[in-house]
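>>> the following comprises the amino acid sequence and a computationally predicted model.
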Amino acid sequence: MFSLSNKQSQTKMSTPLGPDSVNVACPNCHQQVTTHTEPRATTKTHLLALLLCLFGCCPCACALYCTDCARNTEHYCPSCKAFVGSYER
């Protein structure tokens, strides 16, 4: 029997990632860059929106997708477009 290990390489960031752009050394191209950020809705965002709709607060549910309060922030390298990391709310 063969056993394959499915290990993903993870790079530990020396600079903590937050909701705003940060200066980091890109783990892919090794350049010192200021990250490009993109807010992303998560499963938690969708579930919270569903609960708000069920309780009659549909405008509040829509607001979750227009603000960053319930969305994670993904950081990307502007030079090579590589994923650098994520800030989870």
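Yes, it's here. Residues are numbered from 1 along each chain as shown.

>>> show the average pLDDT along the helix ranked longest in the chain.
Ordering each helix of the chain by length in residues (DSSP state H) puts helix 43-54 first. Here helix 43-54 scores 92 as its mean pLDDT.

>>> which elements pack onto it?
Helices and strands touching helix 43-54, as assessed by 3 or more C-beta pairs under 8 Å, 6 or more residues apart in numbering; DSSP states H and E, comprise helix 58-66. (C-beta placed from N, C-alpha, C; glycine too.)

>>> what strands line up against the next helix or strand after the helix it packs on, and which way round?
Scanning forward in sequence from helix 58-66 by DSSP states H and E, the next helix or strand is strand 71-76. With DSSP bridges as the test, strand 71-76 is paired with strand 36-41 (antiparallel), strand 83-87 (antiparallel).

>>> buried sites along the first one?
It refers to strand 36-41. Neighbour-count burial for strand 36-41 flags 37, 39 (criterion: 16 or more other C-beta atoms under 10 Å).

>>> other residues contacting it?
If you take C-beta atoms under 8 Å, 6 or more residues apart in numbering as the criterion, strand 36-41 is touched by 19-21, 64-65, 68, 70-78, 86.

>>> so it versus helix 58-66, what angle?
150 degrees (axes from the mean of the first three to the mean of the last three C-alpha atoms, to 10 degrees).

>>> who's in contact with the lowest-mean-pLDDT helix or strand in the chain?
One helix or strand of the chain scores below all others by mean pLDDT, DSSP states H and E: helix 58-66, with a mean of 87. Helix 58-66 is contacted from outside by 41, 45, 48-50, 52-53, 70-71, using C-beta under 8 Å, 6+ apart.

>>> now it - C-alpha only, PDB.
Output of helix 58-66 as PDB, limited to C-alpha atoms (Å, rounded to 0.1, in the frame of the first residue of the first chain):
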ATOM      1  CA  CYS A  58     -32.800  42.600   4.200                       C
ATOM      2  CA  PRO A  59     -31.300  46.100   3.900                       C
ATOM      3  CA  CYS A  60     -28.800  45.300   6.600                       C
ATOM      4  CA  ALA A  61     -28.000  42.000   4.900                       C
ATOM      5  CA  CYS A  62     -27.100  44.000   1.700                       C
ATOM      6  CA  ALA A  63     -24.900  46.300   3.700                       C
ATOM      7  CA  LEU A  64     -22.700  43.300   4.700                       C
ATOM      8  CA  TYR A  65     -21.500  43.100   1.100                       C
ATOM      9  CA  CYS A  66     -21.000  46.900   0.700                       C
END
